[in-house]
Every structure is written in C-alpha cells, then in structure tokens.
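1. Sequence and predicted structure below; questions after.
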Amino acid sequence: MRDRRHDAVRAWTAFVEDGGQNGVQHGVRPEILSSWQRSAPAIDLAVSQAPLADESDTHAYWQGSPLQVAVGAVEEELRRTAEDGDLVLAVTDPQTRILWTYGGRVMRRKAESVNFVASGRWDDGSVGTNALDLAGRLDQPAMVFSAEHYAPIVHNWVCWAAPVHDPVTGERLGVIDLSTTWDRSHPIGLATARMMARLIETALPDTRQHPRLSPMAYDGHGLSLTLLGAAEARLDGQRLLLNRRQTEILALLALRPEGLSLEQLHAQLYGDQAVSTSTLKAEVSHLRSALGGALSSRPYRLMMPVSVDVEVVVERIRGGDVLGAVAAYGGDLLPGTNSPALTELADFVAVAVREALLAQPDPDAVIGYSEIAPYDTEILEVCLARLGVSPHPAKALLKGRLAAARR
C-alpha cells in the first residue's frame, strides 16, 4: 500500500511540476488524469477547505426529499458502517453538494477540517479530483486513493463512491461516498459503497406508475420471480422454462421496472465479457416469446405486474420482521452468476440478512437461517449469548447446530 501511495505522489508531483502539459502520466488512470486536467486551471493547490454552498438552500433541498426519506430509513445501517470502519459517509445531490454526513470519531474531525460537511461543494471544479465527483460524472462507482486527489488537503484520504439512482426513472439523485485514511484502504471498499447505494435505492419512496405488485401481496397473476436459492419464474401461476441467461435477463428487468437500454442490459449482464449485442438480442427475443410479448424494447421493460422474492426479503428487513425475512430468504441469489449487477445484489442481500440477524437474533429466525448457512457460527453464538441463562425451547437446537458447525 505504501508503494501505491509513493507511486501516486510521484505521478501527481510530475503532473504539477509539468504544469499539466504532459497528457500522458505513467500509471495514472485515464479518469484521474482527465480530472486533474480539469482541476488544474480551477484549483489553487493551497486550498485548505471545500467551499460551502448556501446552508439554508441546502437544508431546504434536503428536507422532505426522496433521498432524505431513504437515508432516514436506513440510517442505522449507514451509521453502523461508519462507526465500525471509522469512516465518514456523505450523501450528495447531483451537483456533488453534500446533503448529509456521518462519521466515526477520528474521521469526523478530519472531515470537518476540510468542509466535508453538509453544504460542502465537492465537484472537481470546487475542490479538485475526488471520488464523489467521479462517481457522479461517470455514473459508476469510483475510488480515489491518496495523491490521486488533486488537492493536497486530502492526499491522506482514500474515498469510494457510488451513484444513487431513482429506481423508477433511472435518474441519478446523487452519490454516496465512504472515506477514510489511505493506510486503511481495503479491497472491499468499492463493493461496500455499491452496497450502500443499493441500500438507499431500496428505501426510496415508491413512485412507480406502471403495474407492479406489492412484494407482500402476490396473488398468482402476473410474473412471480424467485431468485434466492433455486431460481424459478412463473407467469400467471405457470412455470416458465428458461435457460440461465434468460433467467438472469428477467431478473435484471424485474429489478429495474423503469427498464434498461440495450447497452445498460449488456453491461449489467455480461460486464467486460466479449459477448456481442446480437447474442443478447437473441436471448431477449426468446424471453419475449416466453412472456407472450409482454417485454417492450427501447428500453427493454416488463409490461406486466411483477413480484420478486428479493424485494420481499428487503421489505421485511426494513420493517424489522427478521423472522419473515429469513422465511423468505431461500439462500444465495443465483449462485454462480457471472452478471456483475446480480453478483452485487447477491452480496447486498446476503449481508443485509446476516446483519439483521446479528442486530436482532430471534431464535426461530436463527434456526431457520442455520439451515441455509450451517457453518455461520457467529450468528448462533450471538443468539445464545442474547438468551443468556433464561430458558427457551430453541436453546437445545441452537446448541446442537453450533456443535455440529464446529466439528
């Protein structure tokens, strides 16, 4: 990690000393170099703080906004993440103005010293290269490490950020950023930022205008999709015979009711794999036939009521019904999938269920979970510790499961 920091400082120094004239910097990622080139004419290297937007305007924008509602709903999880990792978290608007922050003890003080606070403006035209700006500008998760930041005031930081989108319109509402000191950089930082963005998206107020079933109220009509454990799709109660790719496409479309363009669907399904768009179009064509034509194009969108088991699990966790969440959680989401978007979602759901159990270890829920994850001893230990010496009919089963897991 120290070598990486040394390389970043050396590249930044070369860029600054060259006056930004050298367009090729060895070892510098293209998005970082582009941001440096934007930052150089706008930012004084002696800048000590980010500029502040009008606080009353910021407050008025935040109050009652969909982002505030969503962050309020998942604030406990966000705060726990910040405290456990001694991170500072920030949520911004689309112009990279910070709307909300929360920090661990050490990082909170560091953040305040550079105006990494509500009303702080963190676009690269205001404070130079940073992950919040890149995630918003590129509309994808971004990391900026140490001297990859343009302003020296944050050379001791590492930041991970991911965009937050409206699930209905696809509009980017802002970004969420996680920051700490460079020496605490961790490979899962970017995945955690993605997970936090997904968590906020699931908590946004539901403004969907096209048919979609409440996740708790599937009545046998429309599309019912099971993704957790054994995958299965049913249309009006009849099972659909789909191959693996078609099931993955159906999952991606079911989880994005506003639809996906061909390019978006290709990226979420295949990632960097060298698969032609014609191959994807052929899979979509087969899927459209299986759905009786109820799959529109431009964008690709399901034209029917949809219920997905993932949403049931998330809804029950959000409502504090851990036992119900575990009952709906059939296991890992599409195990073995190569889809980047579905892999990310699988991680999110697995972590969410586990964290809910750790926070609220209902014995019956823990027993149900242990059937799916029999070697997760921590959950069993936490549950038994919570029960203490008090009698409970589930204790014998819990102890038996724990003994079996330790063999």
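-> Alright, I've got the coordinates.

2. Identify the single longest helix in this protein, thanks.
-> helix 340-359 (DSSP state H).

3. name the helices or strands packed onto that one?
-> Helices and strands touching helix 340-359, by 3 or more Cβ pairs under 8 Å, 6 or more residues apart in numbering; DSSP states H and E, are helix 189-203, helix 244-255, helix 262-270, helix 309-318, helix 322-328, helix 363-372, helix 377-387. All C-beta atoms are positioned from the backbone trio N, CA, C, and that covers glycine.

4. how about these in CSV, adding mean neighbour count?
-> What follows is the helices and strands packed on helix 340-359, written out as CSV (neighbours: other Cβ atoms under 10 Å):
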stretch, mean neighbour count
helix 189-203, 22
helix 244-255, 21
helix 262-270, 18
helix 309-318, 22
helix 322-328, 21
helix 363-372, 20
helix 377-387, 17
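
5. Rebuild the ones you listed as CSV, extending it with mean pLDDT and distance to residue 183.
-> Listed next are the helices and strands packed on helix 340-359 as CSV, based on pLDDT from 0 to 100; distance: least, Cβ to Cβ, whole Å:
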stretch, mean pLDDT, distance to residue 183
helix 189-203, 87, 13
helix 244-255, 93, 37
helix 262-270, 92, 33
helix 309-318, 90, 34
helix 322-328, 89, 36
helix 363-372, 87, 36
helix 377-387, 87, 27
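
6. Who are the contact partners of the nearest residue to residue 48 once chain neighbours are set aside?
-> Closest residue in space to residue 48, ignoring its immediate chain neighbours: residue 153 at 6.0 Å, by Cβ to Cβ, 6 or more residues apart in numbering. Contacts were defined as Cβ atoms under 8 Å, 6 or more residues apart in numbering; by that measure residue 153 touches 47-49, 114.

7. How about residue 348?
-> Contacts of residue 348 by Cβ under 8 Å, 6+ apart are 194-195, 198-199.

8. Out of those, which is nearest to residue 170?
-> Using Cβ to Cβ, residue 198 is the member of those that lies nearest residue 170, at 14.4 Å.

9. doesn't residue 306 make contact with residue 222?
-> Yes - the pair residue 222 / residue 306 is scored as a contact, 6.2 Å apart, by Cβ atoms under 8 Å.

10. ok, the two, which is more surrounded?
-> residue 306 (22 against 19; other Cβ atoms under 10 Å).

11. Please tell me I have it right and the more buried one contacts residue 235.
-> No - the criterion here is Cβ under 8 Å, and residue 306 misses it with residue 235 at 10.4 Å.

12. Which neighbours do those two have in common?
-> 222-223.

13. so where is the stretch 101-250 of the chain shaky, pLDDT-wise?
-> Within the stretch 101-250 of the chain, the stretches with pLDDT under 70 are 206-221.

14. can you give me the strands for it?
-> 142-145, 157-165, 172-181, 223-226, 232-235, 238-239 (DSSP state E, counting those that start in this stretch).

15. Quick check: which of these is buried the most?
-> strand 157-165 (a mean of 27; mean count of other Cβ atoms under 10 Å).

16. returning to that earlier point: between the contacts of residue 348, which is closest to residue 42?
-> residue 194 (29.1 Å).

17. Verify the stated contact: the closest one with residue 162.
-> Yes - counting by Cβ under 8 Å, residue 162 is a contact partner of residue 194 at 4.8 Å.

18. Which parts of this structure belong to which domain?
-> The chain breaks down by automatic domain parsing into domains covering 2-203, 208-337.

19. how about those in JSON lines, adding distance to residue 401?
-> Formatted as JSON lines, those follow (distance: least, Cβ to Cβ, whole Å):
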{"stretch": "domain 2-203", "distance to residue 401": "26"}
{"stretch": "domain 208-337", "distance to residue 401": "14"}
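
20. Deepest-packed of the ones you listed, please.
-> When the domains of the chain are compared using mean count of other Cβ under 10 Å, domain 2-203 is most buried, at a mean of 19.

21. Quick check: end-to-end length of that one?
-> Length of domain 2-203, first residue to last, Cα to Cα, to the nearest Å: 38 Å.

22. where along the stretch 51-200 of the chain do the helices fall?
-> 55-62, 66-73, 75-85, 105-113, 124-127, 131-138, 189-203 (DSSP state H, counting those that start in this stretch).

23. rewinding a little: could I get the contacts of residue 348 in JSON lines, plus columns for distance to residue 331?
-> Formatted as JSON lines, those follow (distance: Cβ to Cβ, whole Å):
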{"residue": "194", "distance to residue 331": "21"}
{"residue": "195", "distance to residue 331": "19"}
{"residue": "198", "distance to residue 331": "19"}
{"residue": "199", "distance to residue 331": "20"}
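
24. So of those, which two are at opposite extremes in space?
-> Across these (Cβ to Cβ), the longest gap, 9.7 Å, separates 194 and 199.

25. what residues are shared contacts of residue 194 and residue 162?
-> With Cβ under 8 Å, 6+ apart as the test, residue 194 and residue 162 both reach residue 141.

26. Let me see the contact set for the nearest residue to residue 291 once chain neighbours are set aside.
-> Ranked by Cβ to Cβ, 6+ apart and with sequence neighbours excluded, the top spatial neighbour of residue 291 is residue 235, at 6.5 Å. Taking Cβ under 8 Å, 6+ apart, we find residue 235 in contact with 222-224, 290-292, 304.

27. and residue 235, bridged to which residues?
-> Residue 235 has the following beta-bridge partners by DSSP bridges: residue 223, residue 238.

28. circling back: will you turn the helices and strands packed on helix 340-359 into a markdown table that also has distance to residue 157?
-> Listed next are those as a markdown table, based on distance: least, Cβ to Cβ, whole Å:
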| stretch | distance to residue 157 |
| --- | --- |
| helix 189-203 | 12 |
| helix 244-255 | 33 |
| helix 262-270 | 29 |
| helix 309-318 | 31 |
| helix 322-328 | 35 |
| helix 363-372 | 37 |
| helix 377-387 | 31 |
